Every structure is written in C-alpha cells, then in structure tokens.
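Student: Generate a structure from the sequence data that follows.
(chains A and B)
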Amino acid sequence: MRKPLLLLTYFILLSSLISAQEKLSIDKVHKVSLRNSGTIIENEQIKGYYFFFQSDKIDRKTNEYTLQVVDENLNKIKDIKFNDSKEIVLMESSYNGTSIVFVFYDDDQNSLDYRLYNLDGKQSFTYSKILDKKSERYFKQVRLQQDDEETENQNVYDIPNKGFVSVTAIREDKNYTYDVNFYASGKRKTWTYNPLENGKFTGAEYLGANDSIVVLEVLSREKLMSKESESTLVGLNIENGKKVFEIRTQDGSHGLYPMNISTTKGSSEFLIIGPYYAAGERVLQDRTEGLGIWLMNNKGKIVKSKYMSWAKDLAKYVKVDDKGRVEDMGWIYFHKLMQTEDGKIFAVGEGYKKVADGVGIAMNVLTRSYTSGVTKLKITDLMMLELSKNFELTSAKIYSKNSNSFSLSTGSDFVTPHTLALVAKTYGAFDYTFTQMGQDKSSFVSGYVDYEKSKNYKGSTFNTISYYDGKITNDKINLKTEATSIRIMPAKPGSVLLIEYFKKAKRLDMRMEKIN
Amino acid sequence: MKTNKSRVSAILAAPRNAMRLVLFAATLFLASPGYGQQLSYHPFKKNIVKEKEIAAAITARLQQDVLNIRSNYKKEVAAIYKERADAIKERVEASELITDSAVTNYLDGLAKQIISGNSTLAHHNLRIYFSRTPWPNASSMGEGTIVFNVGLFSRLDNEAQVAFILCHELAHYLLNHGNNSIARYVETVNSTTFQTQLKEISKAEFSANKQLEQLALKIGFNSRRHSRAFEKEADSMALVLLKNTNYDLREASSCLALLDSIDKDKHAGKQALENQFNFAEYPFKKRWIENKTLSFTDNEKEKKEAKALADSLKTHPDCQLRIAYVEKELLQGKKNNTRKFQDQKKFETLQKLFEYEGLEYLFETDKISRCLFTCLQMLNAGDTHPYVLGLAGKCLTKIYTAQQQHSLSKIVSLPSPDFDEEYNNFLKLLQNVRLTELASIAYHFLQTHSTAGKSSEDFVAALIASKENAGKPEEKKEWINYYNSNFSNPKYKF
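Tutor: Here you go, the predicted structure:
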C-alpha cells in the first residue's frame, strides 16, 4: 500500500483536524522542516531510511531536531529528539547489527560527530573529530566530488557487531591526505590511523573488512597536478589500527585498481577485484586491459591471481578490438563488482567513447573562436560479465539502451576518455544507478535508467539486471507518472522505492515495488 | 461498540422505518445439493434503489440537523456535519452497506425487538445496516446511521450479544454523544482562550512547537476523557434498553469479555501459511519468511511514557472495567431474561455467509493480501468451500499480475508492527518470493485443491492462469477444455 511521508503522525493528525477552522489553527502555527533524508545501510543492504527534521527552535543558536527512523518497510520505528546547534548537518548513517551511527557535521565547530545509538534508541557514545580550517575546506571539496551511489556510504562503514570505520579526507600543512578512525559500538574505544606521508597527495577509499583487518585502496600522487598515480592497498589491524601491510597493487606486469573486496566469515583470506592496466599505464587515466582478481591473505600476500583480458577472454563473447574497445560500445567503465555467496563474480559496466561534438564544432565555426569543446563523451550500452568461482569468464552480455553524452566545455578535448569517464561518474552522467546486494549476498539487482520511444510507451524507464537462484533475469519499470517528479531509490533486497512528488497537492508518495 | 484497540469512533443511531421481521428467502439458507453440508454462497445483491434512498435520507437528516444547530459557531458545526454526512454517503455509494433485503430484514427484525420494548426509540429516524467490512466493529455515526460490521457479527456467540451491541450504539445516539463531541470541539478551538493561546504561541520566537504540542495533547486528553465517559454512559443505557427486550441480560457481560480479545484473528495461530504453501514437489522454504529487519525497542522510561500517553488517549475504558461495571448493574436489576436467540439457525447461517461476504468485500476493495491470508486461514481450519478456493485463486492471479506490472504495492500491505506475527510472515513471503516462485506456489496450491475447487468457475480460471504462468501448456489446454464444457455461461474467455 502507498505510504505518505511519515511525519509526526499524531500531532499532524490533530492539527489537520483543527485546520478546518478559518481562525488561527495549530496547523497554521506549527512549522516542521525536513532537512534531509537518506538510507541506513548494513553490509551494502538497505535496512531503513532516516528523515531529519528541524522540529523546533530552542534559542538563537539551538534547534530541536527529530531524527525519524523508518524500517525497510517504511514503518516508523523511532523518533529521536535532541537539541543541537542550528548549524549541524546530518551526513549519513550506517547500521552494524547492534548499533546505528549518524554522522553529523557541525559547521560552527568544524567537527564531525559520530553519534551511536543502541537499538532502544538510547545514545550510547559520541565520538567527535575536529577539522582545522584547511581540512574542513578540503573535506567539503572531496565530499562534492564523491560518487553518490545510494547503496554506498562515503564516510562511515559498518563493522558487524564491533563498531564503525570512517575514512576522512584531511589536510595537514601542505599534505592532502586522509585518516581512518574506528569507533567501537560495544564500549567506548577508538583508534586513528594517519598515513603521515610527507609531500604526497593521497586519497583513500574503504574497500571492506574481514574479522581482523580493514582494507583500503589508496591512490597517491607526488604533486597535486601530477598525472601519475600510485595505487596501494593498505591493511589495518581492526583491533588497534596499526598498519599490517601496505603493498603496491602491482603484480608483475599487471597494475590492479582494486574496486571491491569479498570476504568470507572466519577466513583469513579475501578476494580483491578490479580492472587492471598494462605496465607503464596510468591507473584510472589510461585504458584498462581487463579484469584482475587476487586472492590475498591477512598479511597482504597475493596467494593466487587471475587476469581476464578484454582482448583475449572477452573477445570470445563480444567483438573487441586490439585496444580493448567493444564494438559499438567503446571502452567499459566498471561501476560495480560483486561476488555472490556461490562464489561467482559479476561485473556491471557501461560503455563510453570519445566522439566529435557537433554542437561544439558548430559553435566554434559560428563564433570563429575556440569557445566550446569539439569532443564529448558518448555513454553507450550496459554490460554484465559473469565469472565462475574459478575466475573464468562464463558470460558477457550487452544490454542495449539509448546513449547519452557528457562534456566539460573546452576541458573535454584535453583529457583521455578514461579520465573524462571518471569525471562523468562524479557528475552522475552514466545511466547506471545502483546495485543492491541480497540477503547473505545470494542475489543482487543492478539498475539503470533509459528512455523508451516505442509504439506502446514513450518515456523514462528503470531497468534491472537481477541475479537470483543462480539465474540472471531482466525487468523494466515504466516511470511515466502523473506526479510532478519521480525518483527511484534503492530498497530492501529485491525491491525499489518509488518516490513521487505532487507539486500541486504538496504530497510525497512512497511506494515499494518488487523487481522481477 | 468498539474494542479498546479499534480505531473508528463509535457513536450511534436506530432503525428508521418500522422494522419488519421478515423470514429469509428460503434459498439463501438452504444447503446446496452440490456441496453436501456446505452453504450455497453468492455475494449479496446490491440494491441500487435502496442505496439511493439511504443517501437521500442522510442528506435530508443533514439539512434537518443543520437547522437545529444551537451554537455560536453554527457555520463551523455545519461544516463538520456535512463532512460526516459525505463520508457516510461515500460508504453507501461504494456499496459497503448490505442492502440485500434478506439481510436487511433480519437486522430490522432484531432492531424491532429493541424498539418495540423501548418507546423512546419509536419516533427516531434511524438507519441500521450491516457493513461488509470484516473488521470486528460497530459504530453510531451520530446522525441516525448505525453500522454493524459483518466481521463483528460473525464473531459473536448469540443474538443477545448482537442486541446488546445494538443497544449500546442506540444509547450513544439517544445521548447525542456524537453531536456533543462536535459541539465541544468547535467551542474549544474557537474559544477566546484557545485563540489567544495560539496567537501567543505564533508570536513566540522559541519553543513554539513544544507549546503547540502540549496544547494539542491537552485537547486530545479532554476529548478522550469524554469519550471514555460516554462509553460508560452508553453501557449503562444499553442495559436499560436491553432489559426491555426478552434477551438475556447476562450476555452483555459475556459480549464485553469476547470483545476483549476480538482483535485476534478468528483462525489465528495454526500455521496456515506453512501448511497451505507446503507441497511434496515444492516444499515450503523458510527463507520466504525470514527477514531480519531493523527494529528499535523502547527503553523503560519510554515504555512508561508511551503507556501513560496511550492510556490517556484511549477512547474506551478497559473491557475488564466495563465488565465489572455491567455486572454490578446487572446485580441491581430484578429482571433476568434468558433468551439468547430468536432464530439460532438463521443467526449461524448468516454468520458463515458474512465470513464470505467480508472476504468478498476485501477483494472488491483491493485488500488482496488480507483477503488471501484469510482464505488460507479458513482453508487451514477446514473450510474448503469452493467460494473460498475460487477467491484464493483469484487473489493469487491478481498478485501475480500486479507483481509483473510493478503495482503490487496497490494491493498488498507491507509488513508492519501493527500486524500480528502470522500475517506479517505472510506479507514477508509476498515480499520475498520472486515472480517465478510465486508462479510455482500458485501452481502447486491450485493443483492441490483442484478436486475440491473445480466446481468454482473462478477457481478453474485461476488454475488455468497458474498453468500458463508456470509454463505448463498441456495442462492448461486440458483445463480450458474442462472449463468450456462445464460452465455454460462463462465469465472468462480462453
């Protein structure tokens, strides 16, 4: 059944009754504003949503806030009320099976607050992290550039039953770096890892954790504008934050860019998956050679590795040229790599190629100047690769869709298509939207948007590729609606959440629909 | 008459025309030769003319009530009266009320028993009808309409209990509880005091919402306090009205005891789901109902506060308190009738038919998950009536189609803490199974019941659809042939 946006139900109920009157009514006087909302994530699964309201004004500097938590079925399960600075912003939330953390940023104090709540809604711990002015500026800049896939967090990640790990971009003197913090949920305990790399420009991304280590992918450059990046994997002891290993992601002539980690409970080995580059090629900026998979141990040693190349392996399924470009699709940008519980590995990617920009060329001709770029990025079809548990490519399927384009004024002409694809990802220009992992990673759903113009339907569609019970299936939801706007959000495994906004009626409808 | 947990506000009314106790059409209650001891059930006939008459009577009553308003806020009171009348007419126009004369005559007969013994009721313009809703509730709308849900009727033990509930709702009406509530509410929100308070709050720079919340709660507390007082008054007057009939007064007390636990499903707690969706060739999978959801518990302080708030906002006193009160009143009375039924057979037959009618209403109003779940519970309890099987089949087909077209949310509820565990498990199953699994469940379920259900046209149509969805073309063909040769005036085309 459709559910309206859950507000402070009882209160609104009363006030709406009273609003029937012409005189002053509670409804007219009562003011509650929704500051933001987001997903509550546990192990890449949507466990619920939060709605952050400013529910009252306490004094000039303080507001009362209501943090409403709804479960995956949109049932309101808790209202958490508290007073705080009027400058706070709720950034994101994560759930680790025993505790839920909300990350607030206080613009007044330049602090990141990690507020942990037990499942009775009682605040258990608060961990604060003060950012100096330089770090604050850098942190905000990095946040803006991060990919905003809604099934993934950007700062805080759950460590089941233990606590949460946060990875924060910071600036120390002239160093652009990061630090890693662990915030325990069972007792007050924290550790910080700071890489202390002098003179380097370093960024880190959380890949995952097993029972003993936290694994990060770190990209560093000698200079801010330097084109060469070095990719390393860093493993930290989950108990004390001490560095266990730091290795270059280079295996002989193959340079790997790790995108995903797959762990098995109780095992000291884990899988690292990502695209690889030929020797001498620049990570993320040059074309990829294929997909690499490493089996690593907790000491950072590669136990086994396997490389699946576009030119040899993928070419068995689709037409690939010697540069690794798939016919009609171009190069493939991999959005997500997943390992399911049966050991299979899946990679969902989208094609891209640099093409001439007709409009840009025409503008330059008309203005007799170089005011517009003459090239743009064409984003083409979607591709799903399937690998067996022995890391053999068993299927490569292309999903046709309408292409779209992305350009960066004159800037597009002077960067590689691969760098442009990275920028396009940051701007959300790809049609791929998100991947949701199913219960115990036994299934997943990857989604992308498209536009259909057929005899029966004309409008946007949301398309899915699902893996369930060992089979891949596809589905399509038509998004044409009477609402002013419609938004698709990730939901519990096997479902998506459709949010429709009706401007005239000032109404927001949310409905959960299943994917076939 | 409501239970403590029920939500609709109950007030009351009485029969409008002279009540005629008319014998039911014999065919309605005759055992069908085709199904042994099973009743023949077909959804009750909708009497469009009667529905129009009821709507017209509600409009006429509204006009009369508006003329009689004695208030400084006549316009505001009239607006609420109109809103109320429109809401009732909407229910009438949606054919929620049963207008089949066989049923209305029965209820008229019961009401006549009460009215004939209580002369104060004789001159009131009342409309007393059964509602097709399966929730156990009855309500008095305050303007002469009394609605008795089939879901409540089919849970009672005897006609004396029905009579007590009718008396309770009539008492609300006679005591003008509904209109008094409206008048008090309008007076409150328009009063100088309230308006001054609101004005001050609207000007407050800080904590305005907190003050508003307190003000709203205060109104809520007052309103609920009056509601609880009204319930006590209604119980008291109901006993007086019931005393003047030949029904057993002690059934008032047993009725309240029954209402105390009526929110629990009639056929609850028998693992309907695991039994009905478990097949030799396609066993029930635990993972269909497994789902660890994010949940919060209240801490002790919150529990206490929530309980205190809930108690303060209760519209009805606890049933146990009401029972104690009623029993005390009974002890003081001298008269003690013993009659429990005018016609026990009719009562019991109607109870069974009402169970089916409630199901039919759920299906018509697209409450498909509740409808199918109730069908499964009834089948699990041994009721394999072809109607129930046919309806279960229709629900499965509808769910399959809706899931295929991504409109499942329009007909299926999501799991919720408001529902009991068994229903939540069923809803989890609907959320967890994929389309292919749903097709397999429907296929095996309908196949299992094909012998008992094949006399139902709806069942056979659903069976054919399930063969199609499960990819069994040969079996589908076989059943199409069966359908075409067994149903002479077919509803479905294959």
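
Student: Identify the single longest helix in the chain, thanks.
Tutor: In the absence of a named chain, chain A is used. The longest helix of chain A (DSSP state H) is helix A:133-145.

Student: you looked at the wrong chain, it should be chain B
Tutor: From DSSP H, the single longest helix across chain B is helix B:208-243.

Student: Tell me the buried residues in that helix?
Tutor: Neighbour counts using 16 or more other Cβ atoms under 10 Å in any protein chain shown place B:208-213, B:215-217, B:219-220, B:223-224, B:226-228, B:230-231, B:234-235, B:237-239, B:241-243 of helix B:208-243 among the buried residues. In short, each C-beta sits where N, CA and C put it, glycine included.

Student: Report the beta-bridge partners for residue A:128.
Tutor: On the basis of DSSP bridges, residue A:128 is bridged to residue A:113.

Student: State the distance from it to chain B.
Tutor: Taking Cβ to the nearest Cβ, to the nearest Å as the criterion, residue A:128 is separated from chain B by 24 Å.

Student: That residue contacts residue A:113, correct?
Tutor: Yes. Counting by Cβ atoms under 8 Å, residue A:128 does reach residue A:113; the two are 5.2 Å apart.

Student: residues touching the residue of the stretch 251-400 of chain A found nearest chain B, list them.
Tutor: For the stretch 251-400 of chain A, the residue closest to chain B is residue A:341, as judged by Cβ to the nearest Cβ, at 12.4 Å. By Cβ atoms under 8 Å, 6 or more residues apart in numbering or on different chains, the residues touching residue A:341 are A:440, A:441, A:442.

Student: Nearest to residue A:164 among those?
Tutor: Nearest to residue A:164 among the contacts of residue A:341: residue A:441, at 20.3 Å, using Cβ to Cβ.

Student: What pLDDT does the model give that closest one?
Tutor: Looking at residue A:441, its pLDDT reads 87.

Student: nearest residue to it other than its sequence neighbours?
Tutor: residue A:341 (4.8 Å; Cβ to Cβ, 6 or more residues apart in numbering or on different chains).

Student: now swap in residue B:76 and tell me
Tutor: residue B:186 (4.8 Å).

Student: three-state assignment of that neighbour?
Tutor: helix (DSSP: H, G, I helix; E, B strand; the rest coil).

Student: Find me the pLDDT at it, would you?
Tutor: In this model, residue B:186 carries a pLDDT of 94.

Student: ditto for residue B:333
Tutor: On the pLDDT scale, residue B:333 is placed at 67.

Student: still on that earlier bit, please name the residues that touch the residue nearest to residue B:76.
Tutor: Counting by Cβ under 8 Å, 6+ apart, residue B:186 touches B:71, B:73, B:76, B:77, B:80.

Student: Can you name the element that comes right after the longest helix of chain B?
Tutor: Per DSSP states H and E, the first helix or strand lying C-terminal to helix B:208-243 is helix B:250-259.

Student: ok, the residue nearest to residue A:441 to residue A:442 distance?
Tutor: Residue A:341 sits 5 Å away from residue A:442, going by Cβ to Cβ, to the nearest Å.

Student: now residue A:489
Tutor: 22 Å.

Student: Tell me which of these two has more neighbours.
Tutor: Neighbour tally, residue A:489 and residue A:442, criterion other Cβ atoms under 10 Å in any protein chain shown: the higher count belongs to residue A:489, 19 against 16.

Student: so what's that one bridging to?
Tutor: Taking DSSP bridges, one obtains residue A:497 as the residues bridged to residue A:489.

Student: how close does it get to residue B:468?
Tutor: Computed as Cβ to Cβ, the residue A:489 to residue B:468 distance reads 33 Å.

Student: Same check on residue B:130?
Tutor: For residue B:130 relative to residue B:468 (Cβ to Cβ), the value is 38 Å.

Student: How about residue B:193?
Tutor: In this view, residue B:193 and residue B:468 are 68 Å apart by Cβ to Cβ.

Student: quick one: which helix or strand includes residue B:306?
Tutor: helix B:300-313.

Student: And residue A:240, by the same measure?
Tutor: Counting by DSSP H and E, residue A:240 is part of no helix or strand.

Student: I'd assumed residue A:192 was in contact with it.
Tutor: No. Assessed by Cβ under 8 Å, residue A:240 is found out of contact with residue A:192, at 10.5 Å.

Student: At the geometric centre of chain B, which residue do we find?
Tutor: residue B:135 (2.5 Å; Cα atoms, centre = their mean).

Student: Thanks again, I'm all set now.
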